[in-house]
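In: Pasting the sequence and the predicted coordinates here, then a few questions.
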Amino acid sequence: MIRSYVKIFHRLMIFVLLSAFSFGCTPPAKVPMDTLYYEDVPKVREAHLFIFLPGRGDRLGTYKKHGFIDAVRQKGLKVAMAEADAYTAYYEDGSLEIRLKEDVIEPAKAKGYKHIWLVGISMGGTGSLLYAGRYADDISGVILFAPFLGDEAIINEIKQRGGIQKWNSGRTIEDDWQSYLWMWIKNYGQDKNKSLPIYLGYGDNDKFASANDMLATVLQPDHVVVIKGAHDWQTWKTLWDIFLDKIKPILNEKSDLPQ
């Protein structure tokens, strides 16, 4: 798994994210990171929990606003839900992974949740992958919607080398977060066991579709869904409904969450 990121990694990450998302001013990263739960604490030891990570400019309540919470309830799934207030400042100061672990994931485990899933759209998808790279043992799965995976230069470089499996970074990956992330993705693709399930959905007209196409090549085919759509909540909500149906058997198999 990806090792702990060094300072220059975070500075480079900030530069690329700022270029991709055109962030405005954001408040400093709060310690501890806030978490909003949509379900009561489970009364049993075994339970699934979705933790939603926000996209650019989103804060607590965004996923509920766009119907993600209601969709889970309407399908009668045995899973609890929470949003982590992982806004831009946590990426800017390099504290995203540690704050998620100490302020969100570990407290969730202490509440009794044994099967924790990260769900992220756009920037939140980036954060979900970064956490998976560093703390894969903490989570049971990742669901990504059109994650940002780097700038056009590295995406074109990988394509020109013949794809992710033929590509090797010529740079010192400790100094380049994009190479670091893509090398982890490549290694993940070579792991036949793939103990951490990763689901990926995006629209065919999404601005990150080209990069997502390459990520899709290392995932299990039935874990990838591409539909007509763009980089927007309407597309992601449609995909969310599809994925909930896909993973419903998994959620119901190992959950004692009260009906």
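Out: Received the coordinates, thanks. For clarity, every value in this text was computed on a predicted model and none was experimentally measured. Numbers count the residues shown, from 1 in each chain.
In: So in the chain, which helix runs the longest?
Out: Ranked by residue count under DSSP state H, the longest helix found in the chain is helix 233-253.
In: Buried ones in that one, by neighbour count?
Out: Of all the residues in helix 233-253, those buried under the rule 16 or more other C-beta atoms under 10 Å are 233, 235, 236, 237, 239, 240, 241, 243, 244, 247, 250, 251. Glycine gets a C-beta too; all of them are placed from N, C-alpha and C.
In: try stretch 162-170
Out: In stretch 162-170, counting by 16+ other C-beta under 10 Å, buried: 164, 167, 169.
In: what does stretch 217-232 give?
Out: 218, 219, 223, 224, 225, 226, 229, 231.
In: Likewise for stretch 90-108?
Out: Neighbour-count burial for stretch 90-108 flags 90-92, 94-101, 103-105, 108 (criterion: 16+ other C-beta under 10 Å).
In: Which SSE is immediately downstream of the helix or strand bottoming out on mean pLDDT in the chain?
Out: When the helices and strands of the chain are scored by mean pLDDT, DSSP states H and E, helix 7-21 comes last with a mean of 47. Toward the C-terminal end, the helix or strand that comes next after helix 7-21 (DSSP states H and E) is strand 35-37.
In: same question for that next one, mean pLDDT?
Out: In this model, strand 35-37 has a mean pLDDT of 96.
In: by contact count, what packs against it?
Out: Helices and strands touching strand 35-37, by 3 or more C-beta pairs under 8 Å, 6 or more residues apart in numbering; DSSP states H and E, are strand 79-84.
In: what are the pairing partners of the strand it packs on, and which direction each?
Out: Taking DSSP bridges as the criterion, strand 79-84 forms sheet pairs with strand 35-37 (antiparallel), strand 48-53 (parallel).
In: Ok, which of those comes nearest residue 61?
Out: Residue 61 lies closest, by C-beta to C-beta, to one member of the strands paired with strand 79-84: strand 35-37, at 7.0 Å.
In: List the buried residues for that closest one?
Out: Buried-residue list, strand 35-37, by 16+ other C-beta under 10 Å: residue 35.
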